[in-house]
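S.K.: Predicted structure and sequence below. I'll ask about it afterward.
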Amino acid sequence: MALIGRKKETQELDRYMRSGKAEFIAIYGRRRVGKTFLVDSYFNYSYSFYTTGIIGGKRKEEMTAFYQSLKSAGFTGNKPKTWMEAFSILTEVLSVKKQEDKRRIVFMDELPCFATPSSGFVKALDWFWNSWASKQPDMLLVVCGSATSWIVRNIINNKGGLHNRITHEMHLNPFTLAETSMYLESEGFVWDEISVVQTYMILGGIPYYLSLLKPELSISQNVDKLFFTPNAELKMEYNRLYNSLFKTPDKYMSIIELLASNNKGLTRKEITKALGKESSGHLSERLEDLINCDFIRLYNVKNKKISSTGGLFQLTDFYSIFYHEFGRINTTDTAYWTKLIKSHKQSTWWGLAYERLCMAHIPQMLSALGVESVHTEYYSWRSKKDSDGKKNERGAQVDLIIERDDRIINLCEIKYLSDEEYELDSDERLKIANRITRFKKETGTRYGVIPTLITTYGLKKNKHSSFFTQIVSMYDLMK
């Protein structure tokens, strides 16, 4: 299978290959995002040494796996007893593989698996790199693994011998909407744009999940197959996903479940209160881990009360959101999702999911607005009071505001329609206008505020349509 997308990552690897010095590259990102596939595709399996850890393996099993890799690379001696001995052997193996004008490439996949408790693996890796590998101009060491939080904490942010030894880190993000479309097209799908958008809103840009789709089925039929048939693959994926990433998965899953039930997000204080004292220990560390794994994000809000607490934590992993809303439902109806088409429940969910999709494609949005070269900050806003002084009621908030250094603010209205252009009526125009007035009054901004529509098919022309100064469609997000 050809490598789809990943243009930026490929360019970076090209640069590292040409650097003329030893490189130590740590690649991290969400499980199933395609880290191994990227490395294997780029280097075409041309490794001087390759090894992979065993997820859930014990110390003896991990050492055996490493030993087998040493044998595959040409070693004929006995199995090492310690990691220091194993890396000493690796040094010998690599020493005889040196070739003029050619990189010696070492790829260690599922690296966290090797670091079983008290094994000394990280110290041995530290010794291998600092004492020998870093002094070899042709050496290129790539490490990655599903346990992203471990990679970040023990390799990238290591406080010991590996401190500042990583020459490059690469955060591999999920596919964009455009890359998802490219992937589906390469696999023979003939779906229209809205079907691709709906796919993304359910599965996100996770290559492995996309690989489970069948081109002969519609998106709704695929969802039924993957979530609502007996032993459905993506219904069973949820527990596997978090258990494979974290040593205490229940602690992380409690945070995910809490955020899944709060679409707008929660402050750290609110999360602590909801989880209780027993679950609040090491909360900052767990939240950071979930951010690094692309499950959640920390989002700014233009509200003094919320801003003072550090912002809102929001669940952003599309798969996890869908699973909590629909995927974990116990039903014997194997066509559950298909039968929900056009229902109020599904329509409401699509609307919220489209907001999340838009938030995941801010660069594409800025490009469509023609301000990709202007410094911008984006955030949400919640009103403090109604105009009559009462506490704010429904509607006085904006999920996306783009504040630009050219003294313009795009106040964005996000509308999802599955098969037609959005039509603005007088009531909705009045609501948005009042929202703009309240925003300007409460924030005291002197910037110009532009009402901006973000929708699927665009805006239908009528006597109110000129109210929106700028319009972004799903076609813009797919570029």
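M.R.: Yep, that arrived.
S.K.: Count the neighbours of residue 351 for me.
M.R.: The number of residues packed around residue 351, counting by other C-beta atoms under 10 Å, is 13. C-beta here means a position set from N, CA and C on the backbone, and glycine is covered the same way.
S.K.: thought it was touching residue 416?
M.R.: Yes: shown here, residue 351 and residue 416 form a contact pair, counting by C-beta atoms under 8 Å, at 4.7 Å.
S.K.: Now for the two: what residues contact both?
M.R.: Overlap between the contact sets of residue 351 and residue 416, as judged by C-beta atoms under 8 Å, 6 or more residues apart in numbering, is nil.
S.K.: list the contacts for the spatially most central residue of the chain?
M.R.: Nearest to the mean C-alpha position of the chain, by C-alpha atoms, centre = their mean, lies residue 294 at 3.4 Å. For residue 294, the contacting residues are 29-30, 33, 173-174, 316-317, taking C-beta under 8 Å, 6+ apart as the criterion.
S.K.: go with 6 Å
M.R.: Contacts here follow C-beta atoms under 6 Å, 6 or more residues apart in numbering; on that basis residue 294 touches residue 30.
S.K.: how close does it get to residue 269?
M.R.: Noted for residue 294: a distance of 24 Å to residue 269, by C-beta to C-beta, to the nearest Å.
S.K.: What's the local residue count around residue 447?
M.R.: Residues near residue 447, counting by other C-beta under 10 Å: 14.
S.K.: For residue 400, the count of nearby residues, please.
M.R.: The criterion is other C-beta under 10 Å. On that basis, residue 400 has 20 neighbouring residues.
S.K.: ok, and the closest non-adjacent residue to it?
M.R.: Here the nearest residue to residue 400 in space, its sequence neighbours aside, is residue 412; by C-beta to C-beta, 6 or more residues apart in numbering that works out to 4.1 Å.
S.K.: Assign the one you found to helix, strand or coil.
M.R.: Here residue 412 is strand, with the state taken from DSSP: H, G, I helix; E, B strand; the rest coil.
S.K.: after the lowest-mean-pLDDT helix or strand in the chain comes which helix or strand?
M.R.: Counting by mean pLDDT, DSSP states H and E, the weakest-scoring helix or strand in the chain turns out to be helix 304-307, with a mean of 54. Tracing the chain C-terminally past helix 304-307 and defining elements by DSSP states H and E, one meets strand 312-315 next.
S.K.: So which residues make contact with that following strand?
M.R.: 259-260, 265-266, 296-299, 301, 321.
S.K.: Contacts for the helix or strand where residue 106 lies, please.
M.R.: The secondary structure element spanning residue 106 is strand 104-109 (assigned by DSSP H and E). Residues from elsewhere that reach strand 104-109, judged by C-beta under 6 Å, 6+ apart: 36, 39, 43, 47-52, 94, 97, 138-143.
S.K.: Among the residues you listed, name the ones in helices.
M.R.: Using DSSP state H, the subset of the contacts of strand 104-109 located in helices is 36, 39, 43, 94.
S.K.: Using CSV, lay out those residues together with distance to residue 57 and pLDDT.
M.R.: Listed next are the ones in helices among the contacts of strand 104-109 as CSV, based on distance: C-beta to C-beta, whole Å; pLDDT from 0 to 100:
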residue, distance to residue 57, pLDDT
36, 17, 96
39, 21, 97
43, 25, 96
94, 24, 97
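S.K.: Top of these by number of neighbours, please.
M.R.: The most crowded member of the ones in helices among the contacts of strand 104-109 is residue 39, carrying 24 neighbours; neighbours defined as other C-beta under 10 Å.
S.K.: which residues does that one contact?
M.R.: With the criterion set at C-beta under 6 Å, 6+ apart, residue 39 makes contact with 107, 142.
S.K.: wait, doesn't residue 150 sit right on residue 111?
M.R.: No: under the criterion of C-beta atoms under 6 Å, residue 150 lies out of contact with residue 111, with a separation of 8.1 Å.
S.K.: Those two: which is more packed in?
M.R.: Each of residue 150 and residue 111 has its neighbours counted (other C-beta under 10 Å); residue 111 has more, 26 against 20.
S.K.: where does the stretch 51-200 of the chain dip in pLDDT?
M.R.: Scanning the stretch 51-200 of the chain with the threshold set as pLDDT under 70 gives 161-163.
S.K.: hey, where'd the helices end up in it?
M.R.: Taking DSSP state H, counting those that start in this stretch as the test, the helices found in the stretch 51-200 of the chain are 59-72, 83-95, 111-114, 121-131, 148-151, 177-186, 193-203.
S.K.: could you dump these to a markdown table with distance to residue 463?
M.R.: Written out in a markdown table, the entries for the helices of the stretch 51-200 of the chain read as follows (distance: least, C-beta to C-beta, whole Å):
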| stretch | distance to residue 463 |
| --- | --- |
| helix 59-72 | 69 |
| helix 83-95 | 73 |
| helix 111-114 | 60 |
| helix 121-131 | 67 |
| helix 148-151 | 52 |
| helix 177-186 | 32 |
| helix 193-203 | 27 |
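S.K.: Tell me which of the ones you listed lies nearest to residue 370.
M.R.: helix 177-186 (18.2 Å; C-beta to C-beta).
S.K.: Does that closest one pack against any helices or strands, and if so which?
M.R.: With contacts defined as 3 or more C-beta pairs under 6 Å, 6 or more residues apart in numbering; DSSP states H and E, helix 177-186 has these neighbours: helix 193-203.
S.K.: can you count the residues close to the residue nearest to residue 113 when sequence neighbours are not counted?
M.R.: Of all residues not flanking residue 113 in the chain, residue 53 sits nearest, at 2.7 Å (C-beta to C-beta, 6+ apart). By the other C-beta under 10 Å criterion, the neighbourhood of residue 53 contains 23 residues.
S.K.: just to revisit the earlier point, for the helices of the stretch 51-200 of the chain, which one sits closest to residue 425?
M.R.: Taking C-beta to C-beta as the criterion, helix 193-203 is the member of those that comes nearest to residue 425, at 22.7 Å.
S.K.: Residues in contact with the closest one: which ones?
M.R.: Helix 193-203 is contacted by residues 177, 180-181, 209, 219, 319, 322, 353, 357, 418, 474 when judged by C-beta under 6 Å, 6+ apart.
S.K.: neighbour-wise, which of these leads?
M.R.: The most crowded member of those is residue 180, carrying 24 neighbours; neighbours defined as other C-beta under 10 Å.
S.K.: and residue 324, how many residues sit next to it?
M.R.: Burial of residue 324, expressed as a neighbour count using other C-beta under 10 Å, amounts to 17.
S.K.: May I have the residues that are in contact with it?
M.R.: residue 260.
S.K.: phi, psi of it?
M.R.: Residue 324 has phi and psi values of phi -70, psi -30 when expressed as degrees, to the nearest 10.
S.K.: Next: residue 359.
M.R.: Taking degrees, to the nearest 10 as the convention, residue 359 sits at phi -70, psi -30.
S.K.: Apart from its neighbours in sequence, what residue is nearest residue 261?
M.R.: residue 324 is the one closest to residue 261 (C-beta to C-beta, 6+ apart), at 7.5 Å.
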